[in-house]
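K.L.:
Attaching a predicted model along with its sequence, questions to come.
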Amino acid sequence: MLKIINNIKKKKIPLDDYINTCLYKYKSSYYEKKKIFGPRGDFITSPYISSIFGEIIAIYITNYFLEKKLYSFSILEIGAGEGVMARDIINTINKFKNINFSYFILEKSENLKKKQKKNLNKLKVNWIKSLDDLKCKNLFIVSNELLDAFPIKHLKKIKNDWYEKYVCYDNKKNKIISEYAKLKNKNQKIFKLVNKNNDFIEFSPLVIKFLNQIIKVLKKNKNNCFLTFDYGYQDNKFKNTLQGLKDHKKVSIFEDPGNVDITYLINFNLIKKIFNNKSNFNNIIMSQSEFLTRAGIIERLRQATNILTSEKDKLKLEMSVDRLIHPKKMGNLFKCLIVTNAN
């Protein structure tokens, strides 16, 4: 924490630099040290709620290739957390006969990579350092709550000029604060992607760069696919959704830096425009509820409850599925994006 604060005391830095410092830069940064997932962490993700989430994704991936009469394929998970979803996907696909697949993980956090290798040590998994390391055809790329982990910028239009949010240290008040400064680079790519009526933009330059890398990978083979889940919204206007999370509660992003997750809601309209900007792609956005229901989660729930003998276990599974698909829980808040080649 002190290292992060001392860094800010030296000079004001852009908001995305501050977020990157808090989450990734040092050993004292958020993703590099503590238990952050699950009931004992600061937030809980879908794979932790029930293994049925990973099972349904595994079935979807397998069916995607079987419909193309392909029995050999590769899966790349980007940002695999502690490896929970990877474990569930691999174990599920291993139950299919005559299916040959390879599983790869691309992980930025060294801390999480160590946990993944420990949790997945009995399964066949390969770790790669960059998308360039993977030259697979018939590749399915999957991620869950990945895009919201990228550092973001806040741009604001005041009168006719654009300003960018910076983070600095107020020595008089003895705390971290933010302020807007005139935008230095007015030719940013983001302005070509957003509605001109916007006077506020919340976006990640690294997400744009990352998705352009995904586009290159998808173009390498007609059967390649990208599937991602994240919480977000669809609108041509941007909202200020930046927030800190600690112990499952919302807190200030300036509170206890290095010990607070910093996240935001994805504007899926922007994500769609990035892919639409590069032609020959089909991209579908739907709610997590719609995806899981279409992919057979209700049928899978019935099968599982018929096998379970404990009423307590049945109720727990039913409650887990309800949490994943109920419109007022994770069902509508989380969106699903599927991108495939149009040709």
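P.N.:
Okay, I see it.

K.L.:
list the contacts for the spatially most central residue of the chain?
P.N.:
Centroid-nearest residue in the chain: Leu146, 1.6 Å away (criterion: CA atoms, centre = their mean). Applying CB atoms under 8 Å, 6 or more residues apart in numbering to Leu146 gives the contacts 78-79, 228, 230. Glycine gets a C-beta too; all of them are placed from N, C-alpha and C.

K.L.:
what about the residue lying closest to Ile266 once chain neighbours are set aside, which helix or strand?
P.N.:
For Ile266, ignoring the flanking residues on the chain, the nearest one in space by CB to CB, 6 or more residues apart in numbering is Gly232 at 3.3 Å. Following DSSP states H and E, one finds Gly232 within strand 225-233.

K.L.:
With only the CA atoms kept, save that strand in CSV.
P.N.:
Output of strand 225-233 as CSV, limited to C-alpha atoms (Å, rounded to 0.1, in the frame of the first residue of the first chain):
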residue,chain,number,x,y,z
CYS,A,225,-14.5,-18.5,-31.9
PHE,A,226,-14.4,-16.0,-29.0
LEU,A,227,-16.8,-16.2,-26.0
THR,A,228,-16.7,-13.9,-23.0
PHE,A,229,-18.9,-13.1,-20.0
ASP,A,230,-18.9,-9.9,-18.1
TYR,A,231,-21.2,-7.6,-16.3
GLY,A,232,-22.3,-4.7,-18.3
TYR,A,233,-24.8,-2.8,-20.4
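
K.L.:
heads up, I number from 43, so please use that
P.N.:
Taking 43 as the first residue, the last one we looked at is strand 267-275.

K.L.:
And it, what does it pack against?
P.N.:
Packing partners of strand 267-275 (3 or more CB pairs under 8 Å, 6 or more residues apart in numbering; DSSP states H and E): helix 93-108, strand 181-186, helix 247-261, strand 308-309, strand 376-383.

K.L.:
Please find the angle between the direction vectors of it and helix 247-261.
P.N.:
Orientation check (axes from the mean of the first three to the mean of the last three CA atoms, to 10 degrees): strand 267-275 against helix 247-261 gives 150 degrees.

K.L.:
So which bits of the helix or strand just after strand 267-275 are buried?
P.N.:
The first helix or strand that comes after strand 267-275 along the chain, using DSSP H and E, is strand 285-288. Residues 286-288 are the ones in strand 285-288 that count as buried (16 or more other CB atoms under 10 Å).

K.L.:
what sits up against whatever helix or strand comes next after strand 285-288?
P.N.:
The helix or strand immediately downstream of strand 285-288 is strand 291-293, counting by DSSP H and E. If you take CB under 8 Å, 6+ apart as the criterion, strand 291-293 is touched by 285-287, 302.

K.L.:
Pipe the residues you listed into a markdown table and attach pLDDT per row.
P.N.:
Below are the contacts of strand 291-293 laid out as a markdown table (pLDDT from 0 to 100):
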| residue | pLDDT |
| --- | --- |
| Gln285 | 96 |
| Gly286 | 95 |
| Leu287 | 90 |
| Val302 | 91 |
